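1. Provide a 3D model corresponding to the input given below.
(one chain, ligands or ions: 1)
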Amino acid sequence: MSLLKREAENILLNNRREGYTLPTNNKLYPAQWNWDSAYIALGYSYFNKEYAIVELEKLFEGQWSDGMVPHILFHHKDENYFPNHNTWQCGEKIPSSGITQPPIVSSILKLMLDKHEFSSSEMERILNLVKKTKNYLEWFYKYRDPNDTGLVSILHPWESGTDNSPLWDFPLSKILIEENLEYKRRDLDVSSSDVRPLKRDYDCYITLLNQFRNEKYNPEKLYDISMFNVADIGFNSLFLKACKDLVYIATKNNIECTFIQKKITQTENKLISLYNKGDNSFYSYDVLNKQTLEIPSITNYFILFADIQNKEINNSIIQSLKMYNSNEKYFFSSIKPDNKYFEEIRYWRGPVWINCNWILYKGLLEKDPELANKIKSHTLDLMHEKDFHEYYSCKSGTPYGANNFSWSAALYLDLIND
Ligand code: GLC
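-> Prediction:
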């Protein structure tokens, strides 16, 4: 155990650049990613609190003045990645992408505060991050739910963190791909095409990006003009939990956050209204095309992480989770294995991801400790057996994607310390 712990720490240290940490040490992701950094900070907090705080400070250096924290920060103008800063052409203090990612940072801050003692100067820096997180979460309500429904929208599949999930197939099928689109993917130079998103997916990603760039990423406009607008269950669950965790920290530390506090009940009720009693599931909603997305994705179960105050629903979702991939040796596959969209090794269309297991584990700790601990030991065993990879087959456990993957190592450190 302790050897692997050392290995996990070394992965983070080796992937660390000036104050921030790359998702992996290969050329696949040569920049700072938003939710990766949050997981990474939690990992550091177990052996280097300074690095944990600096990681998040670096992330917030890239925050836009409207409150958004971009999904990628290009601290170095590395051109080996596509789309890089030249394509995005945005960012304020730091060149960045013009979209965001799940704002799990306040949940990570809460976990760090629950777990560790911090000096008063460290606390001051953390509370500074909390205030910035508050602006970030308010940004979602303002610009991603302008009609005040309670649910926030993602406007690009990359915002979900689960880039090419079958969840997005229908909304993407409605996109008019830009004519004469020209670009060169770089992910296929370092990864096999069998595991990566398809060309048609990339065409859509870049069409959307170009559309946003043409609008200068004006948040007042993007919600209405985007050809992709989805109220995703996974994203909204992480968002709701982020709001709850922010309010918890803010209240304890006399930071005003009445706006978010008031919105929480509305978001929770709206999420609950998406529960489908018939097949005991939550499904995302395509806002633009007015269509429910009935895809059995593991992210639909992130509702457990959101801690909704409804025992009956929580219990039936737990029962459904137990059946989700009960026939496979390794869990949880990103898409239900018996579903027609399931692909064993293609990125977010089937493989097991450590962060998904971790989110479910955290969400179950108080609701079903037995299942939570089963997930924890199973996830640790997977990493003992197969090391710290980006994702794994649910059938054979074979690792795929990048090795030395930072968030797998970071969440390993959290799991063994829990
Ligand atoms: C991919 C993943 C995303 C992650 C990024 C860096 O784009 O889909 O969730 O943040 O890689 O690891």
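
2. flag every residue of the chain that's near the ligand.
-> Of all the residues in the chain, those in contact range of the ligand (Cβ under 6 Å from any ligand atom) are P23, Y29, W33, W35, D36, G161, D163. In short, each C-beta sits where N, CA and C put it, glycine included.

3. one more time with 5 Å
-> Selection of the chain residues close to the ligand by Cβ under 5 Å from any ligand atom yields P23, Y29, W33, D36, G161, D163.

4. pretty sure S226 contacts F212?
-> Yes: S226 lies in contact with F212 (Cβ atoms under 8 Å); the separation is 7.4 Å.

5. got any residues that touch both of the two?
-> Shared contacts of S226 and F212, defined by Cβ atoms under 8 Å, 6 or more residues apart in numbering, are found at L155, H156.

6. out of the residues of the chain next to the ligand, name the ones that lie in helices.
-> In helices, judged by DSSP state H, the following of the residues of the chain next to the ligand are found: D36.

7. of the residues of the chain next to the ligand, select the buried ones using a PyMOL command.
-> Taking 16 or more other Cβ atoms under 10 Å as the burial criterion, the selection of buried members of the residues of the chain next to the ligand in PyMOL is written as:
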select buried, resi 23+29+33+36+161+163
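
8. of the residues of the chain next to the ligand, the lowest pLDDT goes to which?
-> In terms of pLDDT, the weakest of those is Y29, which scores 92.

9. ok, the residue lying closest to that one once chain neighbours are set aside - contacts?
-> Residue nearest to Y29 in three dimensions, not counting chain neighbours: P23, with 4.2 Å by Cβ to Cβ, 6 or more residues apart in numbering. With contacts taken as Cβ under 8 Å, 6+ apart, P23 has the following neighbours: N15, Y29, W33, D36, A402, F405, S406, W407.

10. rerun at 6 Å
-> Under the criterion of Cβ atoms under 6 Å, 6 or more residues apart in numbering, the contact partners of P23 comprise Y29, W33, D36, S406.

11. okay, helices next: where are they in the stretch 101-250 of the chain?
-> Along the stretch 101-250 of the chain, counting by DSSP state H, counting those that start in this stretch, helices occupy 105-115, 120-144, 157-160, 169-173, 187-190, 199-214, 219-225, 233-252.

12. and these, which one's lowest on average pLDDT?
-> Lowest mean pLDDT within the helices of the stretch 101-250 of the chain: helix 187-190, a mean of 90.

13. just the C-alphas of that helix, formatted as CSV.
-> Provided in CSV are the C-alpha atoms of helix 187-190 (Å, rounded to 0.1, in the frame of the first residue of the first chain):
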residue,chain,number,x,y,z
ASP,A,187,-4.9,13.7,-29.7
LEU,A,188,-4.5,11.0,-32.4
ASP,A,189,-0.7,11.6,-32.5
VAL,A,190,-0.5,10.3,-28.9
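
14. now the helices of the stretch 101-250 of the chain in a markdown table, with distance to N86 and mean neighbour count?
-> Putting those into a markdown table (distance: least, Cβ to Cβ, whole Å; neighbours: other Cβ atoms under 10 Å) gives the following:
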| stretch | distance to N86 | mean neighbour count |
| --- | --- | --- |
| helix 105-115 | 27 | 22 |
| helix 120-144 | 25 | 18 |
| helix 157-160 | 17 | 23 |
| helix 169-173 | 24 | 17 |
| helix 187-190 | 16 | 14 |
| helix 199-214 | 11 | 18 |
| helix 219-225 | 21 | 15 |
| helix 233-252 | 28 | 23 |
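
15. distance to S396 added to those, as a markdown table?
-> Below are the helices of the stretch 101-250 of the chain laid out as a markdown table (distance: least, Cβ to Cβ, whole Å):
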| stretch | distance to S396 |
| --- | --- |
| helix 105-115 | 31 |
| helix 120-144 | 39 |
| helix 157-160 | 26 |
| helix 169-173 | 25 |
| helix 187-190 | 23 |
| helix 199-214 | 25 |
| helix 219-225 | 41 |
| helix 233-252 | 26 |
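
16. hmm, I318 and N280 touching each other?
-> No: assessed by Cβ atoms under 6 Å, N280 is found out of contact with I318, at 10.3 Å.

17. low-confidence stretches in this structure?
-> Along the chain, the model assigns pLDDT under 70 to residues 1.

18. let me know the outermost residue of it.
-> N180 (31.7 Å; Cα atoms, centre = their mean).

19. for T207, see how far away that residue is.
-> Summarising the geometry, the distance separating N180 from T207, computed by Cβ to Cβ, to the nearest Å, is 11 Å.

20. same thing with L271?
-> Distance, L271 to T207, using Cβ to Cβ: 30 Å.

21. pull the CA atoms of stretch 33-52 into CSV?
-> Provided in CSV are the C-alpha atoms of stretch 33-52 (Å, rounded to 0.1, in the frame of the first residue of the first chain):
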residue,chain,number,x,y,z
TRP,A,33,-7.7,21.6,-16.6
ASN,A,34,-10.3,22.9,-14.3
TRP,A,35,-11.9,19.9,-12.6
ASP,A,36,-8.6,17.9,-12.9
SER,A,37,-6.9,20.6,-10.8
ALA,A,38,-9.6,20.4,-8.1
TYR,A,39,-9.1,16.6,-7.7
ILE,A,40,-5.3,17.1,-7.8
ALA,A,41,-5.5,19.7,-5.1
LEU,A,42,-7.3,17.3,-2.8
GLY,A,43,-4.5,14.7,-3.5
TYR,A,44,-1.8,17.2,-2.6
SER,A,45,-3.6,18.2,0.6
TYR,A,46,-2.5,14.8,2.1
PHE,A,47,1.2,15.5,1.7
ASN,A,48,1.8,19.1,0.7
LYS,A,49,-0.9,21.6,1.7
GLU,A,50,1.0,24.4,0.1
TYR,A,51,0.9,22.7,-3.3
ALA,A,52,-2.8,22.1,-2.8
